[in-house]
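J.: can you look at this prediction? I've put the sequence above it.
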Amino acid sequence: MMKSLSLALAALVASTSAFAPTPTTMQRTPLYMSEEESPAIIEENPVEPTIVAASSSAAGLSVQSQSLPFLARPAALDGTLAGDVGFDPLGFAKSESDLMNYREAEVKHARLAMLAAAGWPLSELFDKKIAAALGMDPLLDNSDRVPSLLNGGLGKVSPAYWVGCIGLAAIVDILGTLRMKSDKVDYLPGDFGLRLGYPSDEKGQKRMQLAEIKNGRLAMIAIFGFAVQEFVSKQGVIDETPFFFFPLIESMHKYANSGYIQ
């Protein structure tokens, strides 16, 4: 009886093992279009592509604009010019030639704006004094504001002054254009050959170029701010912010008389 029971149990186990899955090892063989192809190597740590500046093979620039990180850096802005932060959202500089023309215009406007940013408040400080000393009518209005498109009063300026300014600007522009055409390889936009106080070493020159373009851009914003500020407040720049142009005691006295300080 026990012997027959053991035989029956062994037969049952053997029958159930037939339904159990047999463990197998599957080998995946890569398929190629031809026998000559080799499998591609996937990099584990991809590196962000960079644009190498033309002036230095060691200097790398990100493909994204430094000033607008959500936009790609324009191809023409390769970092060779001072102050280049990849800002050209409208895509004006489509080539190196376009870039040089726009930089030439930017440098000229920047220099003019720096002169104007200094001359605007200085004219408000000394115009009436100089006019009184020369027996002339001052150009400032009753609110000590300089003549401008928004303030008006440009008709007070002598036509000879405008002719002189336009003539001088034309001469400078013609000289710059001729110099740019005669030296297309090594020409730097805005370089008229003046070397007074200009560093002789390359590092100092780069620093000077960067300082000039940054101060020029700031001056262009300042001039726009001067015009809007005087138009809105109906006061001159020196009266609106006297602590920049007068001694501290005098400025505090003006603020006290104006009701700012009780």
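T.: Yes, it's here.
J.: I'd like to know which helix or strand in this structure has the lowest mean pLDDT.
T.: Lowest by mean pLDDT, DSSP states H and E among the helices and strands of the chain is strand 50-52, with a mean of 43.
J.: low-confidence ranges, the stretch 1-150 of the chain, go.
T.: By pLDDT under 70, the low-scoring segments of the stretch 1-150 of the chain are 1-61.
J.: where along it do the strands fall?
T.: 50-52, 60-62 (DSSP state E, counting those that start in this stretch).
J.: same deal with the stretch 151-262 of the chain?
T.: Going by DSSP E, counting those that start in this stretch, the stretch 151-262 of the chain shows no strands.
J.: where along it do the helices fall?
T.: 159-182, 202-233, 237-240, 248-258 (DSSP state H, counting those that start in this stretch).
J.: name the residues that touch stretch 204-220?
T.: Residues outside stretch 204-220 that contact it (C-beta atoms under 8 Å, 6 or more residues apart in numbering): 82-83, 106-107, 109-111, 113-114, 116-117, 188, 198-199. Glycine gets a C-beta too; all of them are placed from N, C-alpha and C.
J.: do stretch 115-133 as well
T.: If you take C-beta under 8 Å, 6+ apart as the criterion, stretch 115-133 is touched by 136-140, 144-146, 219, 222-223, 226, 236-239, 244-245.
J.: before we move on, what about stretch 225-236?
T.: 117, 120, 124, 140, 143-146, 148-151, 237, 240.
J.: turn the residues you listed into TSV, including neighbour count.
T.: Listed next are these as TSV, based on neighbours: other C-beta atoms under 10 Å:
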residue	neighbour count
117	21
120	19
124	21
140	19
143	12
144	19
145	25
146	23
148	15
149	9
150	13
151	18
237	25
240	15
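J.: coming back round to it: of all the helices of the stretch 151-262 of the chain, which one is nearest residue 70?
T.: Nearest to residue 70 among the helices of the stretch 151-262 of the chain is helix 202-233; the distance by C-beta to C-beta comes to 21.5 Å.
J.: okay, and which of the contacts of stretch 225-236 map to helices?
T.: The helices in this structure, assigned by DSSP state H, contain 117, 120, 124, 237, 240 from the contacts of stretch 225-236.
J.: distance check, the fourth one against residue 138.
T.: Going back to what we said before, that points to residue 237. Note on residue 237: its distance to residue 138, by C-beta to C-beta, to the nearest Å, is 16 Å.
J.: please apply the same query to the first one.
T.: Residue 117 sits 21 Å away from residue 138 when distances are taken as C-beta to C-beta.
J.: against residue 232, how distant is residue 195?
T.: 43 Å.
J.: if we can go back for a sec, which of the contacts of stretch 204-220 are buried? Put it as a ChimeraX command.
T.: To isolate the buried members of the contacts of stretch 204-220 in ChimeraX, using 16 or more other C-beta atoms under 10 Å:
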select :82,83,106,107,110,111,113,114,116,117,188
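J.: ok, back up a step: from the contacts of stretch 115-133, list just the buried residues.
T.: Applying 16+ other C-beta under 10 Å to the contacts of stretch 115-133 flags 139-140, 144-146, 219, 222-223, 226, 236-239, 245 as buried.
J.: can you add distance to residue 92 and give those residues back as a markdown table?
T.: Compiled in a markdown table, those are given as follows (distance: C-beta to C-beta, whole Å):
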| residue | distance to residue 92 |
| --- | --- |
| 139 | 36 |
| 140 | 38 |
| 144 | 39 |
| 145 | 34 |
| 146 | 32 |
| 219 | 21 |
| 222 | 23 |
| 223 | 22 |
| 226 | 26 |
| 236 | 36 |
| 237 | 32 |
| 238 | 36 |
| 239 | 39 |
| 245 | 37 |
